[in-house]
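> Here's a sequence, model it:
(chains A and B)
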Amino acid sequence: MMPSAMRERTVARFCGLGRLTSHKTRVPRPDDDSRSSSALFGSDRVTYIREDSIFFNHQAARTLLNNSYVVFSILQNHKLAKNRNADTNFDPGYEIFDVDPADLSLVHVSRAYRRFLRDCTAELLKNKDTNKMETLHLSSIFFSLELIFHLAEILNLDHSQTSHMVPKLQEWIQYYFNESSDLADSVIKSRDDKSPVECNPDFWPAVTGLIMTAQCKEARRLLGLHSKKETPAIRTLRQLLHSKPELQSSGGASVAINFSVQWEAWLKEVRNQLISGVFSTNQHCLELAELLAGDNKAEKLVYENSETWYKFLVTYVSYWKPTVESFRLGEIARKSMERFGMDSQMKAVDKILLALFESDLYQVIESLQEFAESGWASLHMTDLLYHAGLLSNVVGQDNKIAENLRTDLIIQFGTLLAANDCVWRTGLSYLDFAGSQGVGHINLILQSRGPKSAKDAEILLYEAGKRNLVKAERTICSVVSRQYLMEKRLGSALMWAIKGENHSLASSVAELVLREMAVNDEYSISDVLPDLGTSIISSGHLVFLVKYNEYLTKYHDGNRKEAVNILIDLITSGLAPPYFIPVLLKKSAQAAKEAVKEFNSTDLSNILGVLEELVVTAHINGTKDANSAVACLEGSEREIREVLAQSICQAEIAELAKM
Amino acid sequence: MMLSEVERLNLNNVSSRMPQHGGKSWKKIGFHSGKKTSKVRFVPSKTKHDNDVGVFLSATYEEEKNELCMWSVDPMAQFEESGEKLNLKCSLNCEFDCVDMKISDSGRVFLCWSDGSCGMFTVYPTLQPSFTWQNLHRSGGQLHCACRGVDVMGEDVVTVGDDGKLILLNSYNQTPVKSIDASSVGLTSVCFSKHNEVVTGNSRGQIAFWDLRNEGGKPTGVLCLSRLRGEKTVHPTANSLEKHPTRTHLLLSGGSDGCVTLWDLRNAKFPVEFERTHTGPVLEAHFHPEMQECIVSCSSSGDAFLWDCSLPSTPSTFNPVANDQDAWSSVGRAHHPQVTTLLPKVTETSVTSLALSHNMIVCSKDPGFLFVYKKQLN
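Numbers count the residues shown, from 1 in each chain, chains lettered A, B, ... in the order given. Below is the predicted model of the structure:
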C-alpha cells in the first residue's frame, strides 16, 4: 500500500541513444519525514521505451530501407558521373547492385529511390492482413514521397533538361494521375453496336482529361471513335490535335526557338478556327478548342477537371506557357494554389511541392520532416541535394551549414535505427557517413547496447573493431566477461576478459579458478589455458595458473623432470597465493613419492621451508588466508612432512652416492 | 594425438592477388529484399532429375517475427532481365533467431535456435515442424545460451552450444543420447568427420576431434587456429567447419580472423591458409558439392569468394568423379587457387550464408537480401 504521505509519479530517464526507461516513483509530501531511498521507488516495474518507426513494423518499409541503404552507400562511396546521360536504358532498382557505380548519376540514384518507394506502396496495398486504415495511410505517404522525389529530380537534378520543363512536368503528372487513360480504356472496352460511343457519360471527360494531361494522340484516337467524327467540329479538332507541335525534353535553345515558331503558327490556326465558328455546333469541341488556344474562358474547364492544384498547374503551363522557364514556376504554382483557395489549408505535400516549384529547398527539407516516416525522406532528399551542390545556395554560401544539416539528419535517422534490434546495424552503417559525430554516436551505441548472447557480443566486437573503437571493444568484452563470471562460466569469463585486455578482471577470474581448485582440486578450464600467449603477463594470478596448468599437463604426459622443475618454481618463487600453497604442498608430496629421483635435497628442503613458513605465518599473523590454508592442511600436514623428510633423506643419499 | 603446435603455410602470393569479379561466369538469376537471413540451404533433390533442384530454405534472425521460408528458382531458365524475384513457396513463423541449419539427404531440416533449442522439420511433402529438442544448451545467467551448430549423419545429429556442450541426438529419439562437456568456452561449430566421430570448433580457435564411442569426455586430437599477429596472439573463433564430401581427410575451417584454412588431417601440421582476402570474420566456408575442387566462403565484411583449386590444365568441371587428388595435395605449393568474387561488394554488410547446389549459389546478405547466381556455361 502506498503511504498516504506519498504521491506517485512516473519518471522517464534517458538510458542510451534512442531509448528511455520509465518507472513510477513516490514523491514524499512536504510534511513527510520519510526520506529513505527505498520509499522513493514506487514500483518494481521499469519500462523501456523506444521511438517507433514504420521501418520496424512493416515489411514493405523494411525492403525500402534495405534497398535505399545500398543506394545511399553507393552515393557516399563513389564519385558519380556528373554528366552522364540519364536516358540510358538503366533499371534503377535491383540491377543497381550489379552496375558499376562509376556509371551512375544523381538522377539514377533518385530514380532508384523512386522505384523503391513505388514498390513499397504496391507491397503495402498488396498485403491484406494488416490494418486497412493504417495501410492506406502509409501507402498514401509513400505515394506522396514518390511524387515529391520525382518533381525534385525534374527541377533540381536533371540539369541537362532544365530549359525544357513542360514536357517533363507533363510526364510527371501523367505518371501519377493516369485516370484519363484508364477512363479512355474503359470507354473503348465498353462500346457496343447499340449506342454510339459518345453516349457513354465518360467519353467527354476522358477526352478532356487526356488533352489536359497533354496526351493529344490518345485524345485524337478516342475522338476517332465518335459516330459523327466527320462533322466539321470533330474533324477540325482532331486535325488540330494532330498538328499540335511537341516540345522535345532534350535539346538546346535552338529546339526551343524552333518550337516557339511552330507553336505560334499552330495557335494562330486554332484561334482562326474558333473565330470561324466551326465548333459552335458542339459545345464540348468548343471548350476543348478554347483550351488548346489557351483562352481564358477555358480556365474554368481546367479548374473543374483538376483534382489538385499541381495538375491544374501542368495543364496551365502546357497551353498558356509551353516554354516557361523553371524560375517562373514558383509564381505560377502560387497562383494555382490561390485558385484552389489552399493558402490556409495546405497539407505537407502541398507545402513541399510549392517549395520545390519556388526552389525553396530549405523549406522542402523542413516540410519533409513533418512526414510520419521517421526521417527517411528528409535525409535522402537532403543527401541528394547536398551531392548536387544545391544546398549551399539555399542556406547562404557556406557549405559547412549544408554539411551540418546533412550530418544532423543522418545522425537522427541512424540513431533511430540503431535503437531497434532488427535494423541496428543498418543504423550504424548510416552513422558511418556522419563523420566524427557519427563515430562518436557509434561508440556510445556499441557500449550501451547490452549483448544478449555470445554471438551478439561477437558482432558488437566486430563492429567496434572495424571502426577502431578500442574503448568500445574493451567495454563490450568486460560486460560479457562479467556476465559469464556471474554465471560461474569461468573459461568464457577469462577469455572475454583477456580479449578486452581487462587485466584486473582476468586476474579476478584466475583467482576464482585458483580458489575453486584449492577447495575442490577440480580443474574446469584447462582447455583454454595452454595457448594464452603474452596476455598472461599482466596478471600474477594468471601467470601462476598457466604455469600450474603446464605442470599438470607435463606430469600427466609423463614429462616428470620438467613437471617437477615447474612445481618447484611455483612453490619457491613466492607467486603462489597462500590459499593455494596447500595444493602445491600436496602435489609436491605426491610427486616426491612417485618420482623422488627428479628432486634434489635442496629443493625438497625449500619446499619443507615453505610449509614451515606457512604454519608460522598462520600462528603469528593469523591472516585469514594463512589460517584457512593451514586448516586445509590439517590431517595431511603430518603426512606431507613425513614424505618430504623421507624424500630429503633419499635425495641426499643419492647425491652422496654420485659424489 | 595433440596437434596444438602446428606450422602454417602462408599463401602470401595468393593473398596479395585481388580476386577477379566473376560477373561473366556467374549470372544473377534471382533476388529478394526482405528480412535478415542468417542461413540459406538448398533442399536436396528427391531424384537425379528432380525439377525441385532449385528449391532452398532460408531462416531469419534478429527479426520481430522470424521465419523459415522455402523458395524456388527455375534452374533451367535463362534470366536475362534484371530484378527477377524469387518465388516464395511457403513460410513458417519461428519464435527465435536461427543460428545454424543443416538439411539431411532424406530431407530432414535441423535448425539451431538462439534459445539453445534444436528444431527438426520435414521438407517433403510440405515444409512442416516435426520435433523440437528444447533447452539443449542452457545457462543460468542473462546471456542467452544459443545452440550454435548442428550436423547430421544418417539418423545421428550433433549440436554444440555457447555452454560448451556437445550433444548427440537421434532423429527418432526425443531424449538426447549423449552430452559431453567439451569446452570451458562456447562451442561455435561442429561437423561429422566419420560415423561416430565429430569435429568441434570453439571461440578460442580450438578444433577438437571427438570419438562419440569414448566415455572419457576427452578429445582424441586438437588443432589450433591461433596465431601470432605482431606481439599479440590472436585466437579466432572457429565459425565454420566442413568435411570434404568425398575426401574425408580434408577439413575446411573458417575463422573470425578472416582466414579460410584447409586441413589435410593425414598431415595436419601443414594446413593451407587462404588468408587476408576476407577483411572480416569468415562466417561460412564450404566445399562445392559437385565442383569438388572448389571452395566458397563468405564474411562479415561483405565478401563472398569462390576458390578454384583445380590444376591449371584441368579447369573446374561439373564432373564429380574427376580426379582431384593432385589438385588438393598440391594447392598452395605447386599451384595457386583462382579467386573469384561472387558478389559485388557494394556495401560492407555481412554475407551471412552461402548455399551451393548443382550450378547455382544462393547468398544471404545483410540487411536482408537473397541473391541466386547461376554458373554460365562457356
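> Low-confidence regions, chain B specifically.
For chain B, the stretches with pLDDT under 70 are B:1-24, B:47-53, B:75-84, B:275-276, B:312-327, B:330-335, B:377-378.
> Return the distance of stretch A:401-418 from the chain's centre.
11 Å (CA atoms, centre = their mean, to the nearest Å).
> same check, this time on stretch A:587-597
For stretch A:587-597, the distance to the chain centre is 64 Å (CA atoms, centre = their mean).
> residues of it that come out buried?
A:587, A:588, A:589, A:591, A:592, A:596 (16 or more other CB atoms under 10 Å in any protein chain shown). All C-beta atoms are positioned from the backbone trio N, CA, C, and that covers glycine.
> Among these, which are located in helices?
Using DSSP state H, A:587, A:588, A:589, A:591, A:592 are the members of these that sit in helices.
> For those, which two are the farthest from each other?
Using CB to CB, those span at most 9.5 Å, a distance reached by A:587 and A:592.
> okay, the ones in helices among the buried residues of stretch A:587-597 in CSV with distance to chain B and pLDDT next?
As requested, those are exported to CSV (distance: CB to the nearest CB, whole Å; pLDDT from 0 to 100):
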residue, distance to chain B, pLDDT
A:587, 21, 84
A:588, 26, 84
A:589, 27, 84
A:591, 22, 82
A:592, 27, 81
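> Could you dump the residues you listed into TSV with distance to residue A:519 added?
Listed next are these as TSV, based on distance: CB to CB, whole Å:
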residue	distance to residue A:519
A:587	15
A:588	19
A:589	19
A:591	21
A:592	23
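> Going by distance to residue A:569, which of the residues you listed wins?
residue A:588 (11.7 Å).
> Now that that closest one has come up, it's in contact with residue A:570, right?
No. If you go by CB atoms under 8 Å, residue A:588 and residue A:570 don't touch, sitting 9.3 Å apart.
> For my notes, confirm residue A:571 occurs in a strand.
No. Residue A:571: not assigned to a strand; according to DSSP: H, G, I helix; E, B strand; the rest coil it is helix.
> That one touches residue A:607, doesn't it?
Yes. When contacts are counted by CB under 8 Å, residue A:571 is listed as touching residue A:607 (5.5 Å).
> So those two - more neighbours on which side?
Neighbours were counted for residue A:571 and for residue A:607 using other CB atoms under 10 Å in any protein chain shown; residue A:607 has more, 25 against 21.
> ok, the more buried one - contacts?
Contacts for residue A:607 (CB atoms under 8 Å, 6 or more residues apart in numbering or on different chains) come out as A:568, A:571, A:572, A:585, A:588, A:644.
> Please repeat the previous calculation with a cut-off of 6 Å.
A:571, A:588 (CB atoms under 6 Å, 6 or more residues apart in numbering or on different chains).
> can you tell me the helix or strand for it?
helix A:601-620 (DSSP states H and E).
> cool, residue A:414 as well?
Per DSSP H and E: helix A:399-418 holds residue A:414.
> now check that helix, is it near chain B?
No. Judged by CB under 6 Å from any CB of the partner chain, helix A:399-418 makes no contact with chain B; its nearest approach is 9.6 Å.
> ok, and the closest non-adjacent residue to residue A:167?
Excluding its sequence neighbours, the residue lying closest to residue A:167 (CB to CB, 6 or more residues apart in numbering or on different chains) is residue A:249, at 4.1 Å.
> can you count the residues close to that neighbour?
20.
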